[in-house]
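Colleague: A predicted structure for the sequence below; I have some questions about it.
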Amino acid sequence: MNVDVIYVGNTKESYLLEAQQEYLKRLGAYFKVSMTELKEAKLHDNPSQSEIESALKDEGDRILQALPKKSYNIALCVEGKQYSSEEFSELFEKAANQGHSRVCFIIGGPYGMDDRVKNACDVKLSLSKMTFTHRMAKILLLEQIYRAGNILSGGNYHK
């Protein structure tokens, strides 16, 4: 199974980059992972709602263009469904049973994600009721993808 992660905004913090590299290394045992970073729209410190909507549209255009063909798409968004780790691992099985060889996760920027992107996805996923930075969400997602691979292979990391 191929896993793509499309995310908006770069990560500068060394501790997050180290965590990302560690999970990408671990994930190689279960999945072929591709990371696609898209540039975050630049906004003023106190943007208007119309400026935010324009930025989301611009980011949304670039996300939609970057989506792999025939992938099972999962948007990380606040209104998404929360899954246990076991239920999350079942999403990979569901994708495979529907004939998909790719699962693509999409993480928006600090202001969220354009509705067109959410509507183009098969699943809307929420990591928690808590709020995380989009950079931290990427690390949490990678850890859960690793955990899903371990669950699917019969490992005991998730216990």
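Modeller: Yep, it's here.
Colleague: Tell me the secondary structure at the nearest residue to residue 51 once chain neighbours are set aside.
Modeller: Setting aside the residues directly before and after it, residue 51 is nearest to residue 43 in space (Cβ to Cβ, 6 or more residues apart in numbering), at 5.8 Å. All C-beta spots, glycine's among them, are computed from the backbone N, C-alpha and C. Residue 43 falls in the coil class when you classify it by DSSP: H, G, I helix; E, B strand; the rest coil.
Colleague: Could you do residue 35 as well?
Modeller: Applying three-state DSSP: residue 35 is strand.
Colleague: Settle this for me: it is touching residue 5, isn't it.
Modeller: Yes: contact status for residue 35 versus residue 5: in contact at 5.2 Å, counting by Cβ atoms under 8 Å.
Colleague: Which residues are in contact with the residue nearest to residue 51?
Modeller: 51-52, 55, 111 (Cβ atoms under 8 Å, 6 or more residues apart in numbering).
Colleague: if we go to 7 Å?
Modeller: 51-52, 55 (Cβ atoms under 7 Å, 6 or more residues apart in numbering).
Colleague: Between residue 35 and residue 5, point out the one with more neighbours.
Modeller: residue 5 (22 against 13; other Cβ atoms under 10 Å).
Colleague: Provide the strand pairings for the helix or strand hosting the more buried one, with the direction of each partner.
Modeller: Assigned by DSSP states H and E, residue 5 belongs to strand 2-8. Looking at strand 2-8 with DSSP bridges, its partner strands are strand 32-38 (parallel), strand 102-107 (parallel).
Colleague: Not counting its own residues, what contacts the first one?
Modeller: For strand 32-38, the surrounding residues in contact (Cβ under 7 Å, 6+ apart) are 2-8, 10, 24, 27, 59, 62-63, 66.
Colleague: out of these, which are buried?
Modeller: 3-8, 24, 27, 59, 62-63 (16 or more other Cβ atoms under 10 Å).
Colleague: quick check, nearest of those to residue 151?
Modeller: Closest approach between the buried ones among the contacts of strand 32-38 and residue 151, by Cβ to Cβ: residue 27, at 13.3 Å.
Colleague: I'd assumed residue 145 was in contact with the closest one.
Modeller: Yes: assessed by Cβ atoms under 7 Å, residue 27 is found in contact with residue 145 at 6.2 Å.
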